[in-house]
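Participant: Kindly return the folded structure for what I paste below:
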Amino acid sequence: MNLHREMNAVASPTRTLLVAEDQPADVLLLRRAFAKSQARMTLRFVVDGQDAIDYLSGDHQYADRNLNPLPDLMLLDIKMPRLDGFEVLLWLRHQPRLRRLPVSILSSCALVNEVNRAYDLGVNCFLVKPQEPDGISDLVRRLEEFWLQINQGPDWLVE
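Facilitator: Residues are numbered from 1 along each chain as shown. Coordinates of the predicted model:
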């Protein structure tokens, strides 16, 4: 871990999660599930693939990194307007500075060809959205536990 990110991790127990999700009902469920789990994560939401790229690039309304910090993890929906999750993932894995950012696909369904394509493009895991509210709360709890407590991830921000 580089010194800058290590100092930030020590200074604040809160981590940033970028969620690319275009369905307002799913955004609401995720917000409620994260609140219920008392996750120590700051949530940032974008509504489509182009918005996700703008956020990660620090472009347009996301230029202020104090307000829009780079995420520690990204949840990415596949079917979104403008650019889909596959296009975002392809773009991300070709960015020398950001290519190691942990990305989890969070999709409504898991068609074999979509799962395979996501892994071919470098996704770190593929999750299916639970249909019941308790299921999403459990998924959020496990997501935080695995990615931010158990997993030893890389120093993904390449200098």
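
Participant: Kindly indicate whether the residue most central in space within the chain is helix, strand or coil.
Facilitator: Closest to where the C-alpha atoms of the chain average out (Cα atoms, centre = their mean) is Met74, at 1.2 Å. What DSSP: H, G, I helix; E, B strand; the rest coil gives for Met74 is strand.

Participant: Enumerate every residue touching it.
Facilitator: Counting by Cβ atoms under 8 Å, 6 or more residues apart in numbering, Met74 touches Leu17, Leu18, Val19, Ala20, Ala52, Leu92, Leu101, Pro102, Val103, Ser104. Quick note: C-beta positions are derived from backbone N, CA and C, even for glycine.

Participant: redo that, cut-off 6 Å
Facilitator: With contact set as Cβ atoms under 6 Å, 6 or more residues apart in numbering, Met74 has these partners: Leu18, Val103.

Participant: And the pLDDT for it?
Facilitator: Listed pLDDT for Met74 reads 96.

Participant: Same check on Ala52?
Facilitator: Per-residue pLDDT puts Ala52 at 97.

Participant: what do you get for Asn8?
Facilitator: 37.

Participant: Wasn't Pro69 part of a helix?
Facilitator: No: counting by three-state DSSP, Pro69 is not part of a helix but coil.

Participant: Next one: it relative to Val128, how far apart?
Facilitator: 28 Å (Cβ to Cβ, to the nearest Å).

Participant: more neighbours, those two?
Facilitator: Between Pro69 and Val128, Pro69 has the larger neighbour count (other Cβ atoms under 10 Å), namely 18 against 14.

Participant: Since that was my last question, I'll sign off now.
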